[in-house]
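Student: Predicted model follows, preceded by the sequence.
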Amino acid sequence: MNPILEDLIILQAQDLELKLLREELAEAPRRVAAAEAAVKKSETALSSAKQSLAKEESLRKGHELDIADRKGKITRLRKQMESAANAAQIAALEHEITFSEQSISQHEDEELASMERTEGFEADLAKATDSLATTTASLAAERVRAADVLAKNTASVEGISLERSTLRKKIGSTDEGEATLSSYDRIAKAKGTAVSEAVDHKCSACQMMIRPQRWNDLAERSPNSEFANTIFSCETCGRMLFHDPRRDAPVRWTPGERLTSATR
Ligand SMILES: [Zn+2]
């Protein structure tokens, strides 16, 4: 294989790895922020359920006081009836007693309705308490993870960037290397990747078939053939093609794995 192409395969693995590491670095604080928002939401739900419960309780206390008040009044009215002078007075007192009894019954109905609402708010409270515990735990985990990603990825980015700039200097040290590197940069900028593995008669990046003659030139060339050093391009996507004879089935491109196998 053309030694420049071999270096470009490693360069691409480094570029993809750097991209992945930087994406994770950018993603980590976003995940922490999302976890924080989830905790806030649980806290709000919890505080709202507590407020509603307190409100219902004070509402019921009010009804209880009114009921006690009315009961006291009825006792007084009944006492007054014992010493009532005439039928008109008795009728007036009876009317007042009936009115108070109706009022007590209304307050009791209200109390019952409040008890029912309280059951709902208690369920909300339990749910919000659970949710707060869960979201608080995930926030703690996200913070640990973010710190871990920051430390690990920053170190990796630093290390790979250093290797990368050394490799680019090496590739660019010849005229041919410099020209190929600038093609690499141009294609990579436009398409994300510039080098593609030819697998099973196809370009693994764009999945288009490679013409049989070209495939033969690429896959079956011997070190002494006229194309031994040629860098072929995919006729569909323009990426530089390479062929790894050790591989005969398509495998997903993972930068870390490729970096390891390419440097082996
Ligand atoms: Zn292609």
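Tutor: Received the coordinates, thanks. Residues are numbered from 1 along each chain as shown.
Student: gap between the spatially closest residue to Cys206 that is not a sequence neighbour and the ion?
Tutor: Excluding the flanking residues, the one nearest Cys206 by C-beta to C-beta, 6 or more residues apart in numbering is Cys237, at 3.9 Å. Any C-beta I mention is one placed from the backbone N, CA and C, and that applies to glycine too. Note on Cys237: its distance to the ion, by C-beta to the ion, to the nearest Å, is 3 Å.
Student: doesn't Ala198 make contact with Cys237?
Tutor: No - counting by C-beta atoms under 8 Å, Ala198 is not a contact partner of Cys237; they are 11.8 Å apart.
Student: Of these two, give the one with the bigger neighbour count.
Tutor: When Cys237 and Ala198 are compared for neighbours, Ala198 comes out ahead with 22 against 18, by other C-beta atoms under 10 Å.
Student: Enumerate every residue touching the residue nearest in space to the middle of the chain.
Tutor: Nearest to the geometric centre of the chain sits Arg31, at 5.9 Å (C-alpha atoms, centre = their mean). By C-beta atoms under 8 Å, 6 or more residues apart in numbering, the contact list for Arg31 reads 142, 145-146.
Student: State the helix or strand in which it lies.
Tutor: helix 3-82 (DSSP states H and E).
Student: which helices and strands does the longest helix along the chain pack with?
Tutor: In the chain, assigned by DSSP state H, the helix with the most residues is helix 87-171. Applying 3 or more C-beta pairs under 8 Å, 6 or more residues apart in numbering; DSSP states H and E, one finds that helix 87-171 contacts helix 3-82, helix 175-191.
Student: Quick one: mean pLDDT for the first one?
Tutor: Read that as helix 3-82. Per-residue pLDDT over helix 3-82 has a mean of 96.
Student: distance between that helix and the chain's centre?
Tutor: 18 Å (C-alpha atoms, centre = their mean, to the nearest Å).
Student: angle of it against helix 175-191?
Tutor: If you take axes from the mean of the first three to the mean of the last three C-alpha atoms, to 10 degrees, helix 3-82 sits at 30 degrees to helix 175-191.
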